[in-house]
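Trainee: Let's see this in three dimensions:
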Amino acid sequence: MTVELNHTIVAAHDKKTSARFLADILGLAVSPQYGPFVPVHIPNGVTLDYMDVSGPIPPQHYAFLVSEDDFDTIFARIRDAGLTYWADPFHHHVDEINTNDGGRGTYFDDPNGHNLEILTRPYGSGSQG
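Mentor: Residues are numbered from 1 along each chain as shown. Next up is the predicted model:
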């Protein structure tokens, strides 16, 4: 059996701004609007479909596995944008990255309060640091 995540809907107060934020940070393109959605295609075939909603948005977590070189590039964009970043998902270790599983990772928020993460090693793939 083959099961793959194809897409997910990401709630936003401004779908175009939110999609552009993610695309710019990750170095990706925003695709043309499709129905009520503004898609950002991730290179592994998953699409994040941004959709406008009114009212409070419960924060979600989106983690992106990246290469070491891409981490450097994306992390530079995070810092250049003046974003606060943390070494942990609970936002206790500000302006730090982690070295979990022998890789590197950091967390930052998008304009809607979603907790975004970039990491270079999947959880459980190596030693804790």
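Trainee: mind giving me the domain split of this structure?
Mentor: With domains defined by automatic domain parsing, the chain comprises 7-52, 59-129.
Trainee: possible to save the ones you listed as TSV with mean neighbour count and distance to M1?
Mentor: For glycine as for every other residue, the C-beta is placed from the backbone atoms N, C-alpha and C. Converted to TSV, the domains of the chain look like this (neighbours: other CB atoms under 10 Å; distance: least, CB to CB, whole Å):
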stretch	mean neighbour count	distance to M1
domain 7-52	17	17
domain 59-129	15	21
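Trainee: give me every residue that touches the residue nearest to the spatial centre of the chain.
Mentor: Most central in the chain under CA atoms, centre = their mean is L116, positioned 3.8 Å from the mean C-alpha point. By CB atoms under 8 Å, 6 or more residues apart in numbering, the residues touching L116 are 22, 25, 61-64, 107-110.
Trainee: Same check on H61?
Mentor: By CB under 8 Å, 6+ apart, H61 lies in contact with 89, 114-117.
Trainee: Then L22?
Mentor: Counting by CB under 8 Å, 6+ apart, L22 touches 28, 40, 48, 110, 116.
Trainee: how does it look with 10 Å?
Mentor: Listed by CB atoms under 10 Å, 6 or more residues apart in numbering, the contact set of L22 reads 10, 12, 28, 30, 40, 42, 48, 50, 62, 64, 110-111, 114, 116.
Trainee: Using CSV, lay out the domains of the chain together with mean pLDDT.
Mentor: Formatted as CSV, those follow (pLDDT from 0 to 100):
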stretch, mean pLDDT
domain 7-52, 98
domain 59-129, 95
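Trainee: The protein: helices as residue ranges?
Mentor: Listed in chain order, the helices of the chain (DSSP state H) span 15-26, 68-80.
Trainee: how far away is I78 from Y85?
Mentor: Look at I78 and Y85: by CB to CB, to the nearest Å, they are 6 Å apart.
Trainee: Ok, F108 next?
Mentor: Using CB to CB, we find F108 at a distance of 5 Å from Y85.
Trainee: Okay then, goodbye and thanks.
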